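Okay, here's the prediction I keep looking at, along with the sequence it came from:
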Amino acid sequence: MRIAFSITVGVVLAVITLAGQAPGGGAARPADVTLLRPDRVFDGETMHAGWSVLVRGERIEAVGASVTAPADAQTIALPGTTLLPGLIEGHSHLLLHPYNETPWNDQVAREPLAYRVARAVNHARDTLMAGVTTVRDLGTEGAGYADVGLKRAIDEGVVPGPRMLVAGPAMVAAGSYAPKGFAPEWTVPQGAEEVSGPEAAVRIARDQIGRGADLIKVYADYRYGPNGEARPTFTLDELRRIVDVANSSGRPVVAHASTAEGMRRAIEAGVETIEHGDGGTDEIWKLMVAKKVGFCPTLAAGDATSQYAGWKKGSAPEPPRLTAKRTSFKAALNAGVAMCFGGDVGVYAHGDNVRELELMVDYGMPLADAIKSATSTNARLFRQGERIGSLKPKLFADIIAVEGDPSADISALRKVKLVMKGGKIYRR
Ligand SMILES: [Zn+2]
């Protein structure tokens, strides 16, 4: 009932405030003041027993052990819970659904755009209700700029969902991507926008920005080698041009890369995060530390696709690919690479985002660091640290409460008791 009430109020307020809306299309702004009283607060850096959080309108007003609330404040007691910043998913595809339901090729080639958007609306809601209040959505995979429209619908309160940082169609080197395997006489639409040459790199980066991309995603390598193996795609020059254009507009570039050479070129060109990174070497991890490049290992994607391919997790031995991933993840961790929480959700179910955090811990990451990765670290890596990712005054009140203590058991993040985004309660 409370959920329905909040959403209705949100829609009404969104309509009322539409004319004088804040830049970036902020959602409703409730004027009320709320004091949240959990057992403990993780502020994005450390855990504090006995702290409270005061929210006014869409922002956090005060956080601490002795927060004084005004007389008209509503107090929400949350015994047995931990309060923390809303989770920031670093690698989602809201326009995709799990590959064991429909293979990627068929989603891209056979699903009508409206069908994909209808699903994405559900995915956005499931994501928010799971405590993820922001997603960095890394490519629509053939659904054009549907992410730009979905983001607007969420921001205006038309449908519930997380804040979105969107990539639009993403950029691939011509001839490298998919769907593939058709007669060479055919020209088949691709799951991302094809680019060839430094001039096209500049032109298409500008075009994607103009159409609403918050960031540029490039595929620095892909499986188009002579035997279907991953090989670098863009030249260093092409990548540099894209980064130049994006950075002058105030936007970051992020790179899908799984080969050492693809990673190296992307890092040299100035991308801000590397996605997947399976072939990372000690030299590459060092380079990432030196250049402050974040690493989204997407452990859950590999875990999911291995099971789709027949691996019986828990009863059969771990496939060599995952054992190698475990080793390379540990090497990146030991080298001190900034770890991004981003699982490639869409390959597996939206709303199951915590699966990546559970795997990060299983693969050797300290729990507190994993929670930090999903909050303050991702906010910093995505240039959002002044808006979200921490519980401190002036930031957006994107706050969740979970039952238990996630710094003792990461799966506590699955027991979501409250979801607030921009001061509005979506789940309680
Ligand atoms: Zn992805």
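Ah, there it is. Numbering: from 1, shown residues only.

can we go C-alpha only for contacts and neighbour counts from here?
OK.

Okay, helices next: where are they in the stretch 1-150 of the chain?
2-17, 104-110, 113-129, 146-155 (DSSP state H, counting those that start in this stretch).

and the third one, what other elements does it pack with?
To tie it back to what came earlier, the one meant is helix 113-129. Judged by 3 or more Cα pairs under 8 Å, 6 or more residues apart in numbering; DSSP states H and E, helix 113-129 is in contact with helix 146-155, strand 416-421.

Who are the packing partners of the first one?
For helix 146-155, the elements it packs on are helix 113-129, strand 163-166, judged by 3+ Cα pairs under 8 Å, 6+ apart.

how about it: buried residues?
Within helix 146-155, the residues that qualify as buried are 146-148, 150-155, counting by 16 or more other Cα atoms under 10 Å.

Dump those to CSV, plus pLDDT.
Output for the buried residues of helix 146-155, formatted as CSV (pLDDT from 0 to 100):
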residue, pLDDT
146, 98
147, 99
148, 99
150, 99
151, 99
152, 98
153, 98
154, 98
155, 98
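
Serialize these to a markdown table and add fields for distance to residue 338.
Below are those laid out as a markdown table (distance: Cα to Cα, whole Å):
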| residue | distance to residue 338 |
| --- | --- |
| 146 | 30 |
| 147 | 27 |
| 148 | 28 |
| 150 | 30 |
| 151 | 27 |
| 152 | 30 |
| 153 | 32 |
| 154 | 30 |
| 155 | 29 |
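
Closest to residue 128 out of these?
residue 154 (10.7 Å; Cα to Cα).

picking that back up, indicate which one of the helices and strands packed on helix 113-129 is closest to residue 285.
The nearest among the helices and strands packed on helix 113-129, by Cα to Cα, is helix 146-155 at 31.6 Å.

any idea of the angle that closest one forms with helix 113-129?
50 degrees (axes from the mean of the first three to the mean of the last three Cα atoms, to 10 degrees).

need the helices and strands packed on helix 146-155 in TSV with distance to residue 228, mean pLDDT and mean neighbour count, can you?
Formatted as TSV, these follow (distance: least, Cα to Cα, whole Å; pLDDT from 0 to 100; neighbours: other Cα atoms under 10 Å):
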stretch	distance to residue 228	mean pLDDT	mean neighbour count
helix 113-129	28	98	19
strand 163-166	29	99	24
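
Using CSV, lay out the ones you listed together with distance to residue 251.
Formatted as CSV, those follow (distance: least, Cα to Cα, whole Å):
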stretch, distance to residue 251
helix 113-129, 23
strand 163-166, 11
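
out of the ones you listed, nearest to residue 218?
That would be strand 163-166 among those, by Cα to Cα, at 13.0 Å.

Quick one: closest of the helices and strands packed on helix 146-155 to residue 319.
Judging these by Cα to Cα, what sits closest to residue 319 is helix 113-129, at 29.1 Å.

Next one: the closest residue to residue 78 other than its chain neighbours from residue 405, what distance?
Leaving aside its sequence neighbours, residue 78 sits nearest to residue 38 (Cα to Cα, 6 or more residues apart in numbering; 4.5 Å). The gap separating residue 38 from residue 405 is 11 Å, by Cα to Cα, to the nearest Å.

what about the helices and strands packed on helix 146-155, which gets the closest to residue 269?
So among the helices and strands packed on helix 146-155, strand 163-166 is nearest, using Cα to Cα, at 20.9 Å.

thinking again about what came up before, compare residue 38 and residue 405 (neighbour count), which wins?
residue 38 (23 against 20; other Cα atoms under 10 Å).

residues near the spatially closest residue to residue 331 that is not a sequence neighbour, how many?
With sequence-adjacent residues excluded and distances taken as Cα to Cα, 6+ apart, residue 331 is closest to residue 282, at 7.2 Å. Residues lying near residue 282 (other Cα under 10 Å) number 14.

and the residue nearest to residue 52 when sequence neighbours are not counted, what does it touch?
Spatially, and ignoring its direct neighbours in sequence, residue 52 is nearest to residue 37 (4.9 Å; Cα to Cα, 6+ apart). When contacts are counted by Cα atoms under 8 Å, 6 or more residues apart in numbering, residue 37 touches 51-53, 75-79.

Check the spacing between residue 37 and residue 68 real quick.
12 Å.

quick one: which of the contacts of residue 37 is most hemmed in?
residue 53 (28 neighbours).

Report pLDDT for it.
pLDDT for residue 53: 98.

what sits against it?
35-37, 60-64, 67, 391.

how about a cut-off of 6 Å?
Counting by Cα atoms under 6 Å, 6 or more residues apart in numbering, residue 53 makes contact with 35-36, 62-63.

what's the longest strand in the chain?
Longest strand in the chain by number of residues (criterion: DSSP state E): strand 74-85.

Could you look up the next helix or strand downstream of the helix or strand harbouring residue 326?
Assigned by DSSP states H and E, residue 326 belongs to helix 320-335. Moving toward the C-terminus from helix 320-335, the next helix or strand (DSSP H and E) is helix 354-362.

just the angle between that following helix and helix 320-335, please?
Using the same axes, to 10 degrees: helix 354-362 against helix 320-335 is 70 degrees.
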